[in-house]
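Q: Just need the structure, nothing else, for what follows:
(2 chains)
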Protein chains: 2
Amino acid sequence: MSPVFTVDQHLTDVLESFDEAANPRLTKVLRSLVAHLHAFVVETGLTREEWMSGIEFLTATGHKCDDRRQEFILLSDTLGVSMLVEMVNQDSSDGATEATVLGPFYVPGAPERAMGESIAPEGSNGVEIVISGVVRTAGGEPLSDATLDVWQVTPEGLYDVQDPAIEPMSHRGVFRTGDDGRFQVRSTVPVDYQIPTDGPVGKMLRATGRLSWRPAHTHFMVSRPGYKTVITHVFDAASPHLGADAVFGVRDSLVVDFSTGETGFDFVLDPI
Amino acid sequence: MSPVFTVDQHLTDVLESFDEAANPRLTKVLRSLVAHLHAFVVETGLTREEWMSGIEFLTATGHKCDDRRQEFILLSDTLGVSMLVEMVNQDSSDGATEATVLGPFYVPGAPERAMGESIAPEGSNGVEIVISGVVRTAGGEPLSDATLDVWQVTPEGLYDVQDPAIEPMSHRGVFRTGDDGRFQVRSTVPVDYQIPTDGPVGKMLRATGRLSWRPAHTHFMVSRPGYKTVITHVFDAASPHLGADAVFGVRDSLVVDFSTGETGFDFVLDPI
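A: Here you go, the predicted structure:
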């Protein structure tokens, strides 16, 4: 390559073009993004054909997005970016419950349910499971009046919002702790399921020999006034896909034994 | 952040997930891309809201793309990535003509034109200009039978393909050098023009206080059997936007004086 104009000088020019942004945070984010994009191109010696493949991949990913499908979030999930954003924003102490991804299937406004009530509709096919425990501080103090927003797949491996044939708010519920901080959630044992693979992200997974499975889990969003909200999953220790979660959300501290029909898990919140 | 599971360990897990790709080059490119994306998130401490803004920006960019508009290429251009890809793929000697971006307006199959013929249609409004010179080697040897594919905007600042009212192949032509390596192209003085700003890229430019102008230029693609093809522009020294090209394509060695109605420029090719 000609030394007349170097890639370093080129990068400097592009970075300086963002210095006039009214918002200094925008300048900072764009400068970092551009520096890493350029480093990627230089490091790989990206060819024109590869660059064009990237343009076509991004375009197809955009075209796959609509009101019901968000292929860019799926791409972020499968590149570990969504989980990383949770990690850098978690800001919790060593003792607090580890967070994991929210995922695309959270729906606000799930029905409030009594202690021990099931989130599965009557007549559900799955194996019954009871998850109980205490919402507490790292120091062991129980937290009354904490809210647990719980959601998971049906025994058929679909969230209610993925299939119009499923009764809305199936396998969803909001629980509240009593004075002793205790909660009890009844459900069906969650099952492993595949993320959607009929788009560009599915192509990427197949091209790289990756699996599209998520290990079985139940989602929890645990909040309480004065404390930081924890968004996490509880994973089934029996899942064969714990070591290959398509979205890299598994944490050892979140894996529990569902095999006996009941399991315990405490949620530990940090004060704000 | 909890030290139970570090961002470094997370990155290692994601990188290793690409090791089974059938194509080792794909593994290399994806590993580099993921490492830089993760470094960007960590370095900026990207918030959940900023991440979501990024998802929405990419989605809107995808939705803006169709058969006639390629907003992802425009994004690549305005982040300096397209020009960088040209730079890392140029692989030319110090003496060869510097390359710049192809741009989205190249059309193959332009009419062959005689030495000194104009690429502007009869009755064109612009100021006439003659660009002449020699296609040669770095050592000064003239190259006969070299092809110069030339295109530029009309005096109204549009390429023929941007407006159905413009005769197709206006301001386009293919020239061939004689035994002495000489060429002569007649045209109208190119004018500064704006890249499309009615999409997400335009929003980005406005948010960062950047201009959307490209300094006036004439495109050349110069090729000859046995030599490396050069894709470049010749820029008008009188353009007020030479220091702020929206796509970062200006190189000092490509700026010429159009003010006298004729200008000289030699194209220097490297052997393959």
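Q: Now do the same for whichever residue of chain A sits closest to chain B: its pLDDT.
A: In chain A, no residue comes nearer to chain B than A:Gly62, which is 0.9 Å away by C-beta to the nearest C-beta. For glycine as for every other residue, the C-beta is placed from the backbone atoms N, C-alpha and C. At A:Gly62, the pLDDT value in this model is 98.
Q: So A:Phe72 lies in a strand, does it not?
A: No - under DSSP: H, G, I helix; E, B strand; the rest coil, A:Phe72 sits outside any strand and is assigned helix.
Q: Okay, now the unreliable bits of chain A?
A: Chain A contains residues with pLDDT under 70 at A:1-4.
Q: in it, which spans are helices?
A: For chain A, helices defined by DSSP state H occupy the ranges A:7-16, A:24-44, A:48-64, A:71-78, A:81-90, A:200-207.
Q: quick one on the thing from earlier: can you report how many residues lie near the residue of chain A closest to chain B?
A: Look at A:Gly62: counted by other C-beta atoms under 10 Å in any protein chain shown, it has 21 neighbours.
Q: Also A:Phe265?
A: By the measure other C-beta under 10 Å, the count of residues near A:Phe265 is 18.
Q: rewinding a little: quick one: which of the helices of chain A is nearest B:Arg48?
A: B:Arg48 lies closest to helix A:81-90 among the helices of chain A, at 5.7 Å (C-beta to C-beta).
Q: circling back: just so I know, which of the helices of chain A lies nearest B:Lys28?
A: Set against B:Lys28 and scored by C-beta to C-beta, the helices of chain A come closest in helix A:24-44, at 6.5 Å.
Q: follow-up on the earlier one: in space, what's closest to the residue of chain A closest to chain B - neighbours in sequence excluded?
A: In space, A:Gly62 comes closest to B:Gly62 once its chain neighbours are excluded; the distance is 0.9 Å by C-beta to C-beta, 6 or more residues apart in numbering or on different chains.
Q: so how far is A:Ser144 from that neighbour?
A: Per C-beta to C-beta, to the nearest Å, B:Gly62 is found 47 Å from A:Ser144.
Q: in the top strand by length along chain A, what's buried?
A: The longest strand of chain A (DSSP state E) is strand A:128-137. Within strand A:128-137, the residues that qualify as buried are A:Ile129, A:Val130, A:Ile131, A:Ser132, A:Gly133, A:Val134, A:Val135, A:Arg136, A:Thr137, counting by 16 or more other C-beta atoms under 10 Å in any protein chain shown.
Q: same check, this time on stretch A:28-35
A: For stretch A:28-35, by 16+ other C-beta under 10 Å, it's A:Val29, A:Leu30, A:Arg31, A:Ser32, A:Leu33, A:Val34, A:Ala35.
Q: Now for the closest residue to the fifth one other than its chain neighbours, how many residues are close by?
A: Spelled out, that is A:Leu33. Spatially, and ignoring its direct neighbours in sequence, A:Leu33 is nearest to B:Phe40 (5.6 Å; C-beta to C-beta, 6+ apart). Residues within reach of B:Phe40, counting by other C-beta under 10 Å, total 21.
Q: next one: A:Ser253
A: 15.
Q: near chain B, which residues of the stretch 101-250 of chain A?
A: By C-beta under 8 Å from any C-beta of the partner chain, the residues of the stretch 101-250 of chain A that approach chain B are A:Ala207, A:Thr208, A:Gly209, A:Arg210, A:Ala244, A:Phe248.
Q: among those, who's most crowded?
A: Tallying neighbours with other C-beta under 10 Å puts A:Phe248 at the head of these, with 22 neighbours.
Q: Double-check that residue against B:Glu16; I have them as touching.
A: No - when contacts are counted by C-beta atoms under 8 Å, A:Phe248 is not listed as touching B:Glu16 (10.5 Å).
Q: Grab the most central residue of chain A for me.
A: In chain A, the centroid-proximal residue (C-alpha atoms, centre = their mean) is A:Val101; its distance is 1.9 Å.
Q: My guess is that one contacts A:Val250. True?
A: No - at 10.6 Å, A:Val101 does not count as touching A:Val250 under the criterion of C-beta under 8 Å.
Q: if we can go back for a sec, ok, of the residues of the stretch 101-250 of chain A next to chain B, which one's closest to B:Asp163?
A: Closest to B:Asp163, out of all of those and judged by C-beta to C-beta, is A:Ala207, at 40.0 Å.
Q: How much space separates that closest one from B:Trp151?
A: In terms of C-beta to C-beta, A:Ala207 sits 36 Å off from B:Trp151.
Q: Also A:Val85?
A: For A:Val85, the distance to B:Trp151 (C-beta to C-beta) stands at 44 Å.
Q: Name the nearest residue to A:Asp179, ignoring sequence neighbours.
A: Spatial nearest neighbour of A:Asp179, chain neighbours left out: A:Ser144 (4.8 Å); criterion: C-beta to C-beta, 6+ apart.
Q: what's around the one you found, how many residues?
A: The local packing of A:Ser144 (other C-beta under 10 Å) involves 13 other residues.
Q: residues contacting it?
A: Residues near A:Ser144 by C-beta atoms under 8 Å, 6 or more residues apart in numbering or on different chains: A:Thr177, A:Gly178, A:Asp179, A:Asp180, A:Gly181.
Q: filter those residues to the buried ones?
A: Counted by 16+ other C-beta under 10 Å, the contacts of A:Ser144 give A:Thr177, A:Gly181 as buried.
Q: can you redo the contacts of A:Ser144 as a markdown table with distance to A:Ser92?
A: Shown next, in a markdown table, are the contacts of A:Ser144 (distance: C-beta to C-beta, whole Å):
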| residue | distance to A:Ser92 |
| --- | --- |
| A:Thr177 | 19 |
| A:Gly178 | 24 |
| A:Asp179 | 25 |
| A:Asp180 | 23 |
| A:Gly181 | 18 |
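Q: Done for today, thanks.
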